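Colleague: compute the structure for the input listed below.
(one chain, ligands or ions: 1)
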Amino acid sequence: MSTRIAFLKGHGTENDFVIVPDPDNALDLPAATVAALCDRRAGLGGDGVLHVVRSAAHPEAREMAAEAEWFMDYRNSDGSIAEMCGNGVRVFARYLQHAGLVTEGDLTVATRGGVKRVHLAKDGDITVGMGRALLPEGEVEVSVGERTWPARHVDMGNPHAVAFVADLDHAGDLLSPPPFRPAAAYPHGVNVEFVADRGPRHVAMRVHERGSGETRSCGTGACAVAVAAARRDGADPALTGLPATYTVEVPGGTLVITERPDGEIEMTGPAVIVAEGELDPEWLEGVGD
Ligand SMILES: N[C@@H](CCC[C@H](N)C(=O)O)C(=O)O
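Modeller: Numbers count the residues shown, from 1 in each chain. Below is the predicted model:
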């Protein structure tokens with residue numbers, strides 16, 4: 001990579017991303033480059049990278065090109081690849097609008113977790129159709145220090161372990177991934193949500209994200225939390241025939257999650273573009289040295 005490369009910085013409820021527009025998939029973005037971009041001291045800083053590519057130009061998205069023109073090639077801040085990023089989809093859609101590539105209204109975004117339907121208001125919040133959750137059977141436990149909690153395994157395209165706790169401070173400083181049992185439950189690692197009640201259908205969470213550490217929000221995590229809370233509260237929409245809406249407070253803001261009786265989940269929240277610029281080619285050439 002020796003030519004000048006454009007970037008933007010954006011966030012959704014303070015889950016922050018470096019956005020790299022690359023319509024023709026011409027850039028090499030190895031894990032070391034992603035990690036350097038996300039480095040908060042020596043790079044731009046971010047919980048992840050949103051690599052913006054035309055679906056037709058990306059081998060993992062070509063099959064979705066007829067349904068969604070743009071592919072969100074999402075990477076965690078350590079350079080690892082994840083199937084989905086809920087806050088990322090909203091910020092991705094906001095970028096497309098900002099760049100004049102789409103107008104407000106309805107659009108689709110291809111992700112490794114399938115095509116997501118997005119409703120983009122001109123200046124307001126963005127709603128994403130997140131698909132259905134899977135709830136694999138089996139007991140899971142997560143620990144922090146001396147404390148251990150039962151956790152609900154919820155798959156939102158990416159894996160989550162949701163633990164209800166009395167106090168979010170019990171999750172400690174979350175400087176390393178919370179150990180979980182059994183190891184076989186999450187062969188590819190897991191995002192862990194700690195959840196405390198705030199009121200009827202109103203919860204607060206902290207999250208330790210696979211590949212990024214503790215972040216200030218996780219959209220797929222908030223959906224997993226709402227799904228787990230609805231089962232705990234006897235509000236499973238498939239059983240009641242009624243939608244279940246939860247307000248999920250995250251350290252960086254608030255997300256509203258609705259699960260319908262057919263299992264489809266919608267997430268609504270903000271998305272903001274903060275800055276744009278160009279990477280310094282010399283800095284980029286030195287990455288990985
Ligand atoms: N912050 C994201 C989730 C990003 C991926 C996650 N760290 C994983 O590895 O599965 C969100 O908003 O959903």
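
Colleague: helix or strand right after the helix or strand containing residue 73?
Modeller: When elements are assigned from DSSP states H and E, residue 73 belongs to strand 70-76. Next along the chain after strand 70-76, taking DSSP H and E as the criterion, comes helix 86-98.

Colleague: can you check what angle separates that next one from strand 70-76?
Modeller: If you take axes from the mean of the first three to the mean of the last three C-alpha atoms, to 10 degrees, helix 86-98 sits at 140 degrees to strand 70-76.

Colleague: export helix 86-98 as PDB, just CAs?
Modeller: What follows is helix 86-98, C-alpha atoms only, in PDB (Å, rounded to 0.1, in the frame of the first residue of the first chain):
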ATOM      1  CA  GLY A  86     -24.600  -4.500  14.600                       C
ATOM      2  CA  ASN A  87     -23.300  -1.100  15.500                       C
ATOM      3  CA  GLY A  88     -21.000  -1.400  12.500                       C
ATOM      4  CA  VAL A  89     -24.000  -1.900  10.100                       C
ATOM      5  CA  ARG A  90     -25.500   1.400  11.200                       C
ATOM      6  CA  VAL A  91     -22.200   3.300  10.900                       C
ATOM      7  CA  PHE A  92     -21.600   1.600   7.500                       C
ATOM      8  CA  ALA A  93     -25.000   2.800   6.300                       C
ATOM      9  CA  ARG A  94     -24.400   6.300   7.700                       C
ATOM     10  CA  TYR A  95     -21.100   6.300   5.700                       C
ATOM     11  CA  LEU A  96     -22.900   5.300   2.500                       C
ATOM     12  CA  GLN A  97     -25.300   8.200   3.000                       C
ATOM     13  CA  HIS A  98     -22.500  10.600   3.900                       C
END
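
Colleague: so after it, what's the next helix or strand?
Modeller: Using DSSP H and E, the helix or strand that follows helix 86-98 in sequence is strand 105-111.

Colleague: what mean pLDDT would you report for that next one?
Modeller: For strand 105-111, the mean pLDDT works out to 97.

Colleague: other SSEs contacting it?
Modeller: strand 70-76, helix 86-98, strand 114-120 (3 or more C-beta pairs under 8 Å, 6 or more residues apart in numbering; DSSP states H and E). The way it works is simple: take the backbone N, C-alpha and C, and place the C-beta from them, glycine included.

Colleague: try it again at 10 Å.
Modeller: Applying 3 or more C-beta pairs under 10 Å, 6 or more residues apart in numbering; DSSP states H and E, we find strand 105-111 packed against strand 48-54, strand 70-76, helix 86-98, strand 114-120, strand 126-131.

Colleague: how many degrees apart are the first one and strand 70-76 in direction?
Modeller: In terms of direction (the same axes, to 10 degrees), strand 48-54 departs from strand 70-76 by 160 degrees.
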